[in-house]
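Enquirer: with the input below, show me the fold.
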Amino acid sequence: MDVAGKVALLTGGARIGQTVSQAIAQRGCGLALTYRRSRDAAEATAAAARATGVRTVVLRADVIDEAQIAAAVRQAEQVLGRLDILVNLASTYERTPFESAGARTSRTRSTPTPGAPGCSQSMPRLRCGGPAAAASST
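Expert: Sure, this is the predicted structure:
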């Protein structure tokens, strides 16, 4: 898929989001990055993307809250002019000692990603068949 000249909304600008953001920015895709708690990581991700020459915006939004994600989509469209692609990477992240990871991992895997439908429904282009990707860093 050629993403040059397009704009992606990427939820979760930390961890895996940093790598994905850099990869699509290097291909000429603008970025709207959302974060819930990891502002510094999202800002660092945006700075790296800007260094490739693409426009970016960083927005605070909890993807579980439909009003917050709808507001983030509106802001991103105002700043960047459009949204063509959705990449859902937002997740619950809890630093866990290796010894106790079993129970925590089981709980995390059984937790659905409630923000994905809200993000998709908030983006008009996606309702018309635009591309979307969903992944999890948990």
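
Enquirer: following the longest helix belonging to the chain, which helix or strand comes up?
Expert: As assigned by DSSP state H, the longest helix anywhere in the chain is helix 66-80. Toward the C-terminal end, the helix or strand that comes next after helix 66-80 (DSSP states H and E) is strand 85-88.

Enquirer: for Gln18, what are its contacts?
Expert: Contacts for Gln18 (CB atoms under 8 Å, 6 or more residues apart in numbering) come out as 41, 44-45, 48. Placement of C-beta: from N, CA and C, glycine included.

Enquirer: for Thr34, see how far away it is.
Expert: 13 Å (CB to CB, to the nearest Å).

Enquirer: what's the spacing between the nearest residue to Ala76 once chain neighbours are set aside and Gly17?
Expert: Distances taken as CB to CB, 6 or more residues apart in numbering put Ala32 closest to Ala76, at 3.5 Å, once the chain neighbours are dropped. Distance, Ala32 to Gly17, using CB to CB: 12 Å.

Enquirer: what sits in contact with each of those two?
Expert: Common contacts of Ala32 and Gly17 (CB under 8 Å, 6+ apart): Leu10.

Enquirer: quick check: Gln22 is in a helix.
Expert: Yes - Gln22: assigned to a helix according to DSSP: H, G, I helix; E, B strand; the rest coil.

Enquirer: and for it, the neighbour number?
Expert: 16 (other CB atoms under 10 Å).

Enquirer: so who does it touch?
Expert: 45, 48-49, 52.

Enquirer: of the contacts of Gln18, just the buried ones, PyMOL syntax please.
Expert: To isolate the buried ones among those in PyMOL, judged by 16 or more other CB atoms under 10 Å, type:
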select buried, resi 41+45
